[in-house]
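>>> sequence plus predicted model, see below.
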Amino acid sequence: MISVDGSVVIQIANFIFLIWVMNVILYKPIRKVLIQRKEKISGLERSISDFISQSQEKEDAFAAGIKEARSSGLKEKQAMLFAGAEEERAIIENINKKAQAELLSARDKIVKETEAVRVSLQKELDTFITAISQKILGRAV
């Protein structure tokens, strides 16, 4: 049979003392290490989330920069195409003006040469008429 005497009180006190000693020697340092580890892990997780957000911001800025550069390049390309078209139009207009001037010059030259030929033929026409008449009639006119 079990008798409850003073040794039970001593065993309870011994048990409480051992729990206190184990708490001071073993459990508190382990809990302290676990708390430090938890703080370190949460700090690393915050650092990771900060780095992720920073990298996302940088990626967004990079994408916006590329988009802006493409837009700027497209505008510059359009401006160059417009300037090229304007320059082409000016060159073609200049060439057309030169061609028109040369055409007018050639027409004037042809008109002058035609007039000169007509005048020279008019002078020779009397001679030709007389010669043809003499040949047809067979006598001097």
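That came in fine, so what should we check first?
>>> centre of the chain to the helix ranked longest in the chain, how far?
Across the chain, the longest stretch assigned as helix under DSSP state H is helix 28-137. Centroid displacement of helix 28-137 relative to its chain, using Cα atoms, centre = their mean, to the nearest Å, is 16 Å.
>>> ditto for stretch 131-141
90 Å.
>>> and stretch 16-36, by the same measure?
Its chain's C-alpha centre and that of stretch 16-36 lie 65 Å apart, by Cα atoms, centre = their mean.
>>> that stretch: end-to-end distance?
Taking Cα to Cα, to the nearest Å, stretch 16-36 runs 28 Å from one end to the other.
>>> can you tell me how far the residue nearest the centre of the chain is from Ile19?
Nearest residue to the geometric centre of the chain (Cα atoms, centre = their mean): Arg70, 2.0 Å. Arg70 sits 71 Å away from Ile19, going by Cβ to Cβ, to the nearest Å. Any C-beta I mention is one placed from the backbone N, CA and C, and that applies to glycine too.
>>> likewise for Glu87?
Distance of Glu87 to Ile19, computed by Cβ to Cβ: 96 Å.
>>> same question, Val117
Using Cβ to Cβ, Val117 is found at 139 Å from Ile19.
>>> do the same with Lys67
Distance, Lys67 to Ile19, using Cβ to Cβ: 67 Å.
>>> with Val111 instead?
Val111 is 132 Å from Ile19, by Cβ to Cβ.
>>> low pLDDT regions in the chain?
1-2, 141 (pLDDT under 70).
>>> go again using 90 as the cut-off
Counting by pLDDT under 90, the chain shows low-confidence ranges at 1-9, 117-141.
>>> now do Leu104: how many residues are near it, please.
Burial of Leu104 is recorded as 10 neighbouring residues (other Cβ atoms under 10 Å).
>>> with Lys135 instead?
Other residues near Lys135 come to 9 when the count uses other Cβ under 10 Å.
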